[in-house]
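Chemist: got a sequence here, can you model it:
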Amino acid sequence: TGLPVSVPATVGFIALFGIALGNGMVLVSFMDDFARAGRNLDDLAIEAAGLRARPVLMTAMTTALGLAPLLFATGVGAEVQRPLATVVTGGLVSSTLLTLLVMPALHRWFAPKPESHHSLLESEHVHPAVTV
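Modeler: Residues are numbered from 1 along each chain as shown. Down below sits the predicted model:
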């Protein structure tokens, strides 16, 4: 974009990583629940991506719309605002596509087995005896 890599752009990368991680966790946790229920892994990816598309897109769109004024800023402080908004807005496009298209395809290799526990809280823990 012709903008320098600066501290605000680096902060934008950190914010983008947080948003992308949150979107990915929404999708992966949903797909894990389907996999543990014994669903077919081929159908699981398509159905889970379709059902979780709205939350992922809403998160990306609200962030992008909130940063739109910063992206087109020309006044005082624009040299700080524009790199941050450019990084986050551009990264949202690619991370949203990766979340909805690539992650469901890769999930097949990492899907939990149907007999696995839902969470660590639901699994049985063995506590060693404490002697005093």
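Chemist: lowest confidence element among the helices and strands of this structure?
Modeler: helix 103-110 (a mean of 83; mean pLDDT, DSSP states H and E).
Chemist: flag the shaky bits of this structure, pLDDT-wise.
Modeler: 114-132 (pLDDT under 70).
Chemist: quick one, helices of it?
Modeler: Along the chain, counting by DSSP state H, helices occupy 7-36, 41-71, 78-97, 103-110.
Chemist: redo the ones you listed as CSV? Include mean neighbour count.
Modeler: Placement of C-beta: from N, CA and C, glycine included. Output for these, formatted as CSV (neighbours: other C-beta atoms under 10 Å):
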stretch, mean neighbour count
helix 7-36, 16
helix 41-71, 15
helix 78-97, 18
helix 103-110, 14
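Chemist: which one of those lies closest to residue 1?
Modeler: helix 78-97 (5.3 Å; C-beta to C-beta).
Chemist: and the least confident helix or strand of the chain with helix 41-71, angle?
Modeler: Orientation check (axes from the mean of the first three to the mean of the last three C-alpha atoms, to 10 degrees): helix 103-110 against helix 41-71 gives 140 degrees.
Chemist: who's in contact with helix 103-110?
Modeler: 24, 27-28, 31, 35, 41-42, 44-46, 48-49 (C-beta atoms under 8 Å, 6 or more residues apart in numbering).
Chemist: which of those lies closest to residue 92?
Modeler: Among these, residue 24 lies closest to residue 92 (C-beta to C-beta), at 12.8 Å.
Chemist: export the helices of the chain as TSV, with columns for distance to residue 1.
Modeler: Listed next are the helices of the chain as TSV, based on distance: least, C-beta to C-beta, whole Å:
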stretch	distance to residue 1
helix 7-36	10
helix 41-71	10
helix 78-97	5
helix 103-110	26
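Chemist: how about residue 6, nearest residue that isn't a chain neighbour?
Modeler: Spatial nearest neighbour of residue 6, excluding adjacent residues (C-beta to C-beta, 6 or more residues apart in numbering): residue 83 at 5.4 Å.
Chemist: from residue 98, how far out is residue 110?
Modeler: Counting by C-beta to C-beta, to the nearest Å, the separation of residue 110 from residue 98 is 15 Å.
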